[in-house]
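Chemist: using only what follows, build the 3D model:
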Amino acid sequence: MRKLPFFRASLMTSLAALAFAACDSGDIYEPTAETQSTASRVVKLTADISGLGSLPEKYALSLAAFKSNDRYATKLQTIAEEGPITVLMSNTDNGVSTVELAITDRLRHRVLTLATADYSGSAEDLDTIRLEVGRIDVSQFNCLQQAVFNKACIQCHGGNGRKAGSLDLTDGHALAELVDKASATREDAIRVVSGNAEQSLLHQILQDGGQNVLHYNHVEVLSSQFKENLEEVKKYIDDWINGL
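Modeler: All right, here's what the predicted structure looks like:
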């Protein structure tokens with residue numbers, strides 16, 4: 001019988017010993033693949049959009065997913081059509097807390113929130129998150145009205161009959177009472193100067209030191225409502241004024 005070279009015989013003997021040891025220990029493992037701990041949910045947005053054409057090119061209307069305390073969208077889908085729409089967005093887990101119909105900028109930052117759905121529950125609770133908005137005007141000024149004035153300003157300016165500074169910022173009144181109108185509380189000041197944000201009182205009271213302009217801290221009021229996106233809100237206001 002032909003003999004194997006010594007080094008080949010030794011190698012085969014070693015391999016056989018290893019195989020026997022593995023079987024004898026009982027530690028036999030199947031190869032496994034990593035799996036996600038939670039299933040992904042689908043967000044379904046239904047809305048009837050109008051006014052989209054008035055948004056400046058630097059802004060977009062988006063269905064956007066955000067993590068808690070983060071102004072940057074982890075995922076978004078831009079909405080480019082008016083009229084009745086249905087938008088589906090999947091694979092939005094991994095720490096997402098809200099999904100919003102929002103105005104976003106080119107850096108995917110949240111600028112204004114128009115509608116929101118809570119996304120913080122476990123994926124097993126509900127596999128489809130529905131954001132049913134109905135009719136919504138997303139024109140540049142109406143977004144400001146709905147997402148800023150109605151949320152943070154009308155408590156003092158128009159809500160419950162209260163009109164601080166003789167200013168009414170409720171729906172149907174704000175535009176006429178702001179644009180090229182003299183301030184009732186500061187001499188020679190114009191509330192909003194068409195095409196010139198820096199000369200506008202609205203811009204000035206939202207800058208550092210603005211509390212000294214009207215002796216009231218409007219920045220503090222806004223920052224309590226817009227914790228992550230205050231700078232984006234202020235920039236949006238300036239862009240609206242400069243575009244008048």
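
Chemist: find the nearest non-adjacent residue to Thr74, please.
Modeler: Ranked by Cβ to Cβ, 6 or more residues apart in numbering and with sequence neighbours excluded, the top spatial neighbour of Thr74 is Ala65, at 5.3 Å. From N, CA and C alone the C-beta is placed, and that goes for glycine too.

Chemist: same thing with Gln140?
Modeler: Per Cβ to Cβ, 6+ apart, closest to Gln140 is Ser54, 4.9 Å.

Chemist: thinking again about what came up before, avg pLDDT for the helix or strand where the residue nearest to Thr74 lies?
Modeler: Element membership for Ala65, per DSSP states H and E: strand 59-67. Strand 59-67 shows a mean pLDDT of 97.

Chemist: what is the subsequent helix or strand relative to the strand or helix carrying Ser223?
Modeler: Per DSSP H and E, Ser223 falls inside helix 218-225. Counting by DSSP H and E, the element after helix 218-225 in chain order, helix or strand, is helix 230-242.

Chemist: quick one: contacts for Tyr236?
Modeler: 59, 103, 111-112, 143-144 (Cβ atoms under 8 Å, 6 or more residues apart in numbering).

Chemist: sort out for me which of those are in strands.
Modeler: 59, 103, 111-112 (DSSP state E).

Chemist: by neighbours, which of those residues wins?
Modeler: Of all the ones in strands among the contacts of Tyr236, Ile103 has the most neighbours under the rule other Cβ atoms under 10 Å, reaching 26 neighbours.
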